[in-house]
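*Asks:* Here is the input, now give the coordinates:
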Amino acid sequence: MDITLFADSPKMLKKRLKQKYPQLSDKQVTQLAEKKYSGWGRLSRAFLEEVESVNPETGEVMNLITALWETNDNLMRLLSKKYGYVEEIEKRNAWGDSECEVSYQTIQDLYVSPAVRRPIWQALRIVKEIEHIMGSAPERIFVEMAREPGKKGERKVSRKARVQELYRYCKKEVSELYDSLSEKDENELRSDKLYLYYTQLGRCMYSNEVIDLEELFTNRYDIDHIYPASKVMDDSLDNRVLVKSERNRSKSDTFPVPQSYVIQAKDLWTALLKKGMISKEKYHRLTRRDPFSTDELAGFIARQLVETRQSTKAVTQILNKAYPKTEIVYAKAKAVSDFRQEFDLLKVRDMNDHHHAKDAYLNIVVGNTYYVKFTRDAAWFVKNNPGRTYNLKKMFERDVKRGDETAWISGEKGTIHTVKKWMRKHNILFTRKAYEVKGGLFDQQLVKKGKGQVPIKGGAEDGRLASIEKYGGYNKASGAYFILVQSDDKKGNPMISFKHVPVYLAHKLEESQEHMLQYCREELGLINPRILLPKIKMDALLEVDGFRMHLSGRSDNRLLFKGANQFIVSSNMQKTIKQVGKICADYAINKKMDISEKMELGETDLRGLYDTFQDKLKNTIYQKPKQMSDLIGILEKGKEKFECLSKVEKCLLLNEILHLFQCRRVLSDLTLIGGSKKSGNIRLNSNINKLQQVFLINQSITGFYEQVIDLKAL
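*Replies:* Just a heads-up that it's a prediction; the model follows:
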């Protein structure tokens, strides 16, 4: 273990070994320090210590870690038939045929990272509550298979930089292409057509003929899938090539690539492989001559139905344990994304948080259709339907039935009519997990006397704290949570206020109520304090005079909030918000590019969105917080300035105004219409006496159940 801990510092490792093992010679220490071990073992404590079996030679019962020490057998040998460890492991992993109670300890024992354990536990709690609401266990649970993330720590290289690096070694051969590439910006190379054009050295991948760059974005050229999209959902660059449209039409959905194409273009493929322009996998797909086997076709389907990622398998394992009679069905995020595009189901992430729930609904629709069509055994489907081909691209163009179950009815009046109806609904429950702050205690930078809030540790053995007056102190003590306190003001009148409990004192103050009252009297200076609520966590939901918001922090004597009311507008306005977001994203990448020429939005669309924002602030619940109502005048007076802005500036401003309505702490820059750079900061005085109504709302994990506490009536 020491070698692993000090792997990056041989000097510290030698020092550690000498201190820990003084009997070792200098030579032995040096030899040990030269050994390299990295990472940690994947074997759990339960596996090594709790799994026991009888040693056939001695008759002694021992666990695995003891057997590794006492015998000459390695782990693989211990897991052979000679011992009984494997049988014991299988018994422990067998969930049985009846429901088992799953505790958080069950989650802790999973071999997944701590960051994954919490969402697994949250998912299980949600399913449990839905079971309680419905009155029975679910027949099927659908688990989304998210897109594969990039490798952790992997540096993302821009497309332009990657291609320029490849061209560096052959720019003399293709000088014209290199010069034109240098003129392109990163935003332009986001186009797959243009990127493939340069990685194919400006040639058609099926004919080896030169592609006319000026006509690249016309219907003369297509992007084709080498492995047909009808058989496998693979939109990676390894499976796509830029070709002349007539070649693409001639090839259709066949595989392998026609022999005539191979004859004409193989020299190009070989050259591209040598130059690193295409991968070995792409070259293999292009040159392969064998058609797909039955097992391969089954494998393509199975990838839509089976998950291999460790975290997703862990969720499934837990769900199987909790619901052994429930079918666990996977739905691929890519399939859901394609379904959205096929049926024009808009997704606007920036508008509100409803897209999460709607994605979950679509995962059920799409996942169930795949499940019913192919069943869990894809190989069975292919082998038992030899004369029946499948087409993943046309999954939803035909009815999907199996036995008495109908998963999909095609046509505009079929299942899609129901799906669109539910996608238009906005009666979606929204919750946010309340939490207690851990970790950083305060700003690490010391400040001079008079401003420090937390004293530094003194050097005395009795652990006394150093004087702030003499040594300064740490500023901005992090708050762990809030308490609700009633105390007397200077005139003896009762007042109710929120007070924060700092992280560095939280544990001590929780030991007794007297400690908390002492903190209120001595540190906060409260007169006759009485604790009304001992803990109000961060992101707790409050309703203040009818406006719901989440408590997110404090600044001096003010409480900071983020809204909890999901923003809803018409379908046309959603499309405008979506397009405005794209314009702002493009502008962020390249501020010099003239985006206005490519904009589909007209002045009427932009003006309409501005008017919608203005109406929402003036005539809906968003006018309730004072910081929001103060902005009504800014938008009214700024309308004339808005009309004088360029299209891009209007988009930038509209995107900033949208922040006012989002359920997160993002301030809006309204300087283009004469407003503040930090507009929309929802704050309240920690003293709630002047407020008419203040409710603390404790929600269940789904939001279906609520407990409402009137804070002014405590």
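*Asks:* contacts and neighbour counts: CA atoms only from here.
*Replies:* Will do.
*Asks:* Per the annotation, how does this structure divide into domains?
*Replies:* Taking automatic domain parsing as the criterion, the chain consists of the domains 1-40, 42-94, 106-147+299-423, 159-292, 571-685.
*Asks:* nearest to F704, of these?
*Replies:* domain 106-147+299-423 (8.5 Å; Cα to Cα).
*Asks:* what's the pLDDT at C100?
*Replies:* Note on C100: pLDDT of 59.
*Asks:* no no, M1
*Replies:* pLDDT, M1: 65.
*Asks:* that older thread, okay, the domains of the chain in CSV with mean neighbour count and distance to Q518 next?
*Replies:* Compiled in CSV, the domains of the chain are given as follows (neighbours: other Cα atoms under 10 Å; distance: least, Cα to Cα, whole Å):
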stretch, mean neighbour count, distance to Q518
domain 1-40, 14, 44
domain 42-94, 13, 44
domain 106-147+299-423, 16, 35
domain 159-292, 16, 60
domain 571-685, 17, 23
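*Asks:* Looking at those domains, spot the one closest to M538.
*Replies:* Set against M538 and scored by Cα to Cα, those come closest in domain 571-685, at 13.2 Å.
*Asks:* From start to finish, how long is the closest one in a straight line?
*Replies:* 38 Å (Cα to Cα, to the nearest Å).
*Asks:* tell me the mean pLDDT for that domain?
*Replies:* On average, domain 571-685 scores 89.
*Asks:* Stretch 159-174 now?
*Replies:* The average pLDDT within stretch 159-174 is 82.
*Asks:* Same question for stretch 269-280.
*Replies:* Averaged over stretch 269-280, pLDDT sits at 92.
*Asks:* Touching that stretch from outside, list them.
*Replies:* Under the criterion Cα atoms under 8 Å, 6 or more residues apart in numbering, residues 166, 199-200, 205, 238, 283 lie in contact with stretch 269-280.
*Asks:* change it to 6 Å
*Replies:* By Cα atoms under 6 Å, 6 or more residues apart in numbering, the list of residues contacting stretch 269-280 from outside reads T199.
*Asks:* Got the phi and psi for P534?
*Replies:* phi -80, psi -10 (degrees, to the nearest 10).
*Asks:* mind listing what it touches?
*Replies:* By Cα under 6 Å, 6+ apart, the neighbours of P534 are I483.
*Asks:* and of the domains of the chain, who's closest to D489?
*Replies:* Nearest of the domains of the chain to D489, taken as Cα to Cα: domain 571-685 at 14.9 Å.
*Asks:* mind putting the domains of the chain in CSV, distance to L560 included?
*Replies:* Below are the domains of the chain laid out as CSV (distance: least, Cα to Cα, whole Å):
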stretch, distance to L560
domain 1-40, 42
domain 42-94, 43
domain 106-147+299-423, 20
domain 159-292, 38
domain 571-685, 5
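*Asks:* for this protein, which residue is closest to the average position?
*Replies:* What sits nearest the mean C-alpha location of the chain, by Cα atoms, centre = their mean, is A146, with 9.1 Å.
*Asks:* Excluding chain neighbours, give the residue nearest to it in space.
*Replies:* Leaving aside its chain neighbours, A146 sits nearest to A333 (5.3 Å; criterion: Cα to Cα, 6 or more residues apart in numbering).
*Asks:* Next one, pLDDT for the one you found please.
*Replies:* Listed pLDDT for A333 reads 85.
*Asks:* From Q105, how far off is it?
*Replies:* 30 Å.
*Asks:* Which element, helix or strand, includes A480?
*Replies:* strand 479-488 (DSSP states H and E).
*Asks:* Report the buried residues of the helix or strand following that strand.
*Replies:* Tracing the chain past strand 479-488, the next element assigned as helix or strand by DSSP H and E is strand 494-502. Buried residues in strand 494-502, counted by 16 or more other Cα atoms under 10 Å: 495-502.
*Asks:* Now render the residues you listed as JSON lines, adding pLDDT and distance to S250.
*Replies:* JSON lines is the format used below for the buried residues of strand 494-502 (pLDDT from 0 to 100; distance: Cα to Cα, whole Å):
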{"residue": "M495", "pLDDT": "94", "distance to S250": "81"}
{"residue": "I496", "pLDDT": "95", "distance to S250": "78"}
{"residue": "S497", "pLDDT": "95", "distance to S250": "75"}
{"residue": "F498", "pLDDT": "96", "distance to S250": "72"}
{"residue": "K499", "pLDDT": "94", "distance to S250": "73"}
{"residue": "H500", "pLDDT": "90", "distance to S250": "71"}
{"residue": "V501", "pLDDT": "91", "distance to S250": "72"}
{"residue": "P502", "pLDDT": "87", "distance to S250": "71"}
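*Asks:* is it true that R203 touches I211?
*Replies:* Yes - R203 is in contact with I211 according to Cα atoms under 6 Å; the separation is 5.2 Å.
*Asks:* circling back: ok, the residue nearest to A146 to K15 distance?
*Replies:* 52 Å.
*Asks:* same deal with E57?
*Replies:* Counting by Cα to Cα, the separation of E57 from K15 is 42 Å.
*Asks:* go on, A115?
*Replies:* Using Cα to Cα, we find A115 at a distance of 34 Å from K15.
*Asks:* just G492 next, same as before
*Replies:* Taking Cα to Cα, one finds G492 at 65 Å from K15.
*Asks:* picking that back up, which of the domains of the chain sits closest to S512?
*Replies:* Among those, the nearest to S512 by Cα to Cα is domain 571-685 (27.7 Å).
*Asks:* what about that closest one, distance to the chain center?
*Replies:* 26 Å (Cα atoms, centre = their mean, to the nearest Å).
*Asks:* likewise stretch 482-495?
*Replies:* Worked out by Cα atoms, centre = their mean, stretch 482-495 lies 43 Å from the chain centre.
*Asks:* Report the mean per-residue pLDDT for stretch 510-519.
*Replies:* The pLDDT scores in stretch 510-519 average 91.
*Asks:* Only the buried residues of it, if you could.
*Replies:* Per 16+ other Cα under 10 Å, stretch 510-519 contains these buried residues: 516-517, 519.
*Asks:* Stretch 701-714 now?
*Replies:* Result for stretch 701-714 [16+ other Cα under 10 Å]: buried residues 701-702, 711.
*Asks:* Go through these and name the one nearest S245.
*Replies:* Set against S245, the nearest of those by Cα to Cα is T702 (50.4 Å).
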